[in-house]
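**Student:** Predicted coordinates and the sequence they were generated for:
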Amino acid sequence: MKKNIMFFLLLFLTLFGCCKLTDPDKNSKTWTFMWYLDGDEGSMQQDFINAFYNIIATGVGSTDEVNIIMQFDRYPHMDDFGGWEITHRFYYTPGMEPTPANAITDWGDGQGGREVNMADPETLQSFITWSVAHYPADHYALMLADHGYGWQGLLMDMTSDGAFMTVRDMVDALGSSGVHLDLLALDACTMQMIEVLHEMRNLSIDIVVGSENLGTTWAFAEILQAITDDPNITAANLGKEICDFYYDIHPADTTITLSTVQFDKVPAVTEAVADFAETVLDSVPFTIAQTKAQIIVDAIEDAVLYKVNGSNYAQAGGIAIYWPASFQGYMPEMFFYSYIDEVIDFPEDTSWRDFLFVYYNVMQYPGIMPPEIYHVKDTLAYFDSTSVDLYDFCKGIVDFQTP
């Protein structure tokens, strides 16, 4: 009997031992921080180049406890750091300049830097799995940095015919990697939306950091310093630090927003929004709508661990929702042709699209939408003209006093 057990144990190790995702020659560290820099566009490249000068001056880099891994795609016509125009990967060490001479020469296929489409989900998935295989750790953080467009997507590659990554593409890449992310940082405009968070619902993530509004430069050097100074930092506390650093380096910016969300609390927010929308569409008294809105308020307060806001958005609660302004009484074309279940799940999963349709067409559906909702909506500050803060809207419903 013992011989049989030993045989099957050896067989198991033989068959499955070679399938380990990590490189057995690498010692596991506490954190691996993966930085996916899509600088294949002029303004973003300049932002990242400036960040590198700051990082170099700070002297931060990988340590005995922390791996800092970067994939940086560049755009033509900038001479900094050798003026290279392709994509390179770096195991970043203190004081390192991101030059071809310092880049990783073998991506696992015998070749190093090359031109890639950073908006291709296979490119992102390949970077994640390669990073984890060669630089294993107890915890993983991933930062995606480029332009962002909320539920429509993020990451544009201008030397790949303007390719663009949809939110579903991003979800496919993260899911296909098979990697649990302790922290996902979306350094791109307007990505901290309930639509985006809902689309990611089946991914293995603990913490998500992102902005509800149009964003600006993140404190890259300070973020890397925080994780290398304290490799035992939790993902939640790192998320809070990222928010504070962002606020500290933009003290005069009245429009900034950044929040840290506990990802497993998001489904309760989604369910509460669905309950609210479906209840309102049943033509209920406003007092019942207020009760349902309070459930959303409570769920957001539970999900948003931390947030920072400029004075223009002092009431923002950390999660935005699509609600574009109508133009001269007409619904936006994007609502008709893009805010659909073929693009993103949230509109249909929660009846939010039906809610907006009735809201926009009050003359065709009289008596369904309580008029108080229109009053509250008119008081809200917009993010980039297409979205509002979900918490601010629901709190306005709860606190509304009939004249």
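**Tutor:** Happy to help now that I have it.

**Student:** Pull the number of nearby residues for residue 145.
**Tutor:** Counted with other C-beta atoms under 10 Å, the neighbours of residue 145 add up to 24. Quick note: C-beta positions are derived from backbone N, CA and C, even for glycine.

**Student:** One more: the one 3 residues further on?
**Tutor:** Burial of residue 148 is recorded as 26 neighbouring residues (other C-beta under 10 Å).

**Student:** Go ahead and confirm it touches residue 188.
**Tutor:** Yes. With contact defined as C-beta atoms under 8 Å, residue 148 counts as touching residue 188 (2.6 Å).

**Student:** got any residues that touch both of these two?
**Tutor:** 154-155, 215 (C-beta atoms under 8 Å, 6 or more residues apart in numbering).

**Student:** Show me where the stretch 151-300 of the chain has its strands.
**Tutor:** With strands called from DSSP state E, counting those that start in this stretch, the stretch 151-300 of the chain shows them at 154-157, 163-165, 181-187, 205-210, 257-262.

**Student:** how many neighbours does residue 353 have?
**Tutor:** So residue 353, with other C-beta under 10 Å, has 19 neighbours.

**Student:** hmm, who's touching the host helix or strand of it?
**Tutor:** Using DSSP states H and E, residue 353 falls within helix 352-360. Helix 352-360 has contacts (C-beta under 8 Å, 6+ apart) with 273-274, 277, 280-281, 321-323, 326, 331, 335, 339-340, 346-347, 365, 368-369, 373-374, 377.

**Student:** Spit out the contact partners of residue 185.
**Tutor:** Residue 185 makes contact with 141-144, 208-210, 218, 239, 242 under the criterion C-beta under 8 Å, 6+ apart.

**Student:** any weak-confidence spans in the stretch 301-403 of the chain?
**Tutor:** For the stretch 301-403 of the chain, the stretches with pLDDT under 70 are 327-329.

**Student:** and if you look at the chain?
**Tutor:** Looking at the chain by pLDDT under 70, you get 1-27, 327-329.

**Student:** Write down the beta-bridge partners of the residue nearest the centre of the chain, one by one.
**Tutor:** Nearest to the geometric centre of the chain sits residue 186, at 3.1 Å (C-alpha atoms, centre = their mean). Residue 186 has the following beta-bridge partners by DSSP bridges: residue 144, residue 210.

**Student:** From residue 163, how far out is it?
**Tutor:** Residue 186 is 18 Å from residue 163, where distance means C-beta to C-beta, to the nearest Å.

**Student:** picking that back up, just after the helix holding residue 353, pick out the following helix or strand.
**Tutor:** Downstream of helix 352-360 (by DSSP H and E), the next one is helix 371-377.

**Student:** after that following helix, next one along is what?
**Tutor:** Sequence-wise, the next helix or strand downstream of helix 371-377 (DSSP H and E) is strand 382-383.

**Student:** Partner strands of that next one, with direction?
**Tutor:** Strand pairing (DSSP bridges) places strand 382-383 next to strand 387-389 (antiparallel).

**Student:** Which residues does the strand it pairs with contact?
**Tutor:** In contact with strand 387-389 (C-beta under 8 Å, 6+ apart) are residues 150, 190, 193, 212, 313, 315-317, 319-324, 377, 380-383.

**Student:** mind running it again at 7 Å?
**Tutor:** With contact meaning C-beta atoms under 7 Å, 6 or more residues apart in numbering, strand 387-389 is reached by 150, 190, 193, 212, 313, 315-317, 320-323, 380, 382.

**Student:** now swap in stretch 34-52 and tell me
**Tutor:** Counting by C-beta under 7 Å, 6+ apart, residues outside stretch 34-52 touching it are 69-75, 78, 80, 98, 118, 124, 127-128, 131, 140-147, 155-159, 217, 220.

**Student:** Among the residues you listed, which are located in helices?
**Tutor:** Those of the contacts of stretch 34-52 mapping onto helices are 124, 127-128, 131, 220, per DSSP state H.

**Student:** Name the member of those residues that has the highest neighbour count.
**Tutor:** Neighbour counts for the ones in helices among the contacts of stretch 34-52 peak at residue 124, which has 28 neighbours (criterion: other C-beta under 10 Å).

**Student:** How many residues are close by residue 350?
**Tutor:** Residue 350 has 24 neighbours, counted by other C-beta under 10 Å.

**Student:** Find the residue closest to it in space, skipping its chain neighbours.
**Tutor:** Spatially, and ignoring its direct neighbours in sequence, residue 350 is nearest to residue 274 (3.9 Å; C-beta to C-beta, 6 or more residues apart in numbering).

**Student:** how close does residue 115 sit to residue 76?
**Tutor:** From residue 115 to residue 76 the distance is 11 Å (C-beta to C-beta).

**Student:** what domains does the record give for the chain?
**Tutor:** 29-179+216-251, 264-303+310-399 (automatic domain parsing).

**Student:** Spell out the residue ranges of the helices in this structure.
**Tutor:** Taking DSSP H to define them, one finds helices in the chain at 2-16, 42-58, 121-134, 167-177, 194-199, 220-229, 235-248, 266-280, 286-303, 333-337, 346-349, 352-360, 371-377, 390-399.

**Student:** That concludes my questions; thank you for your assistance.
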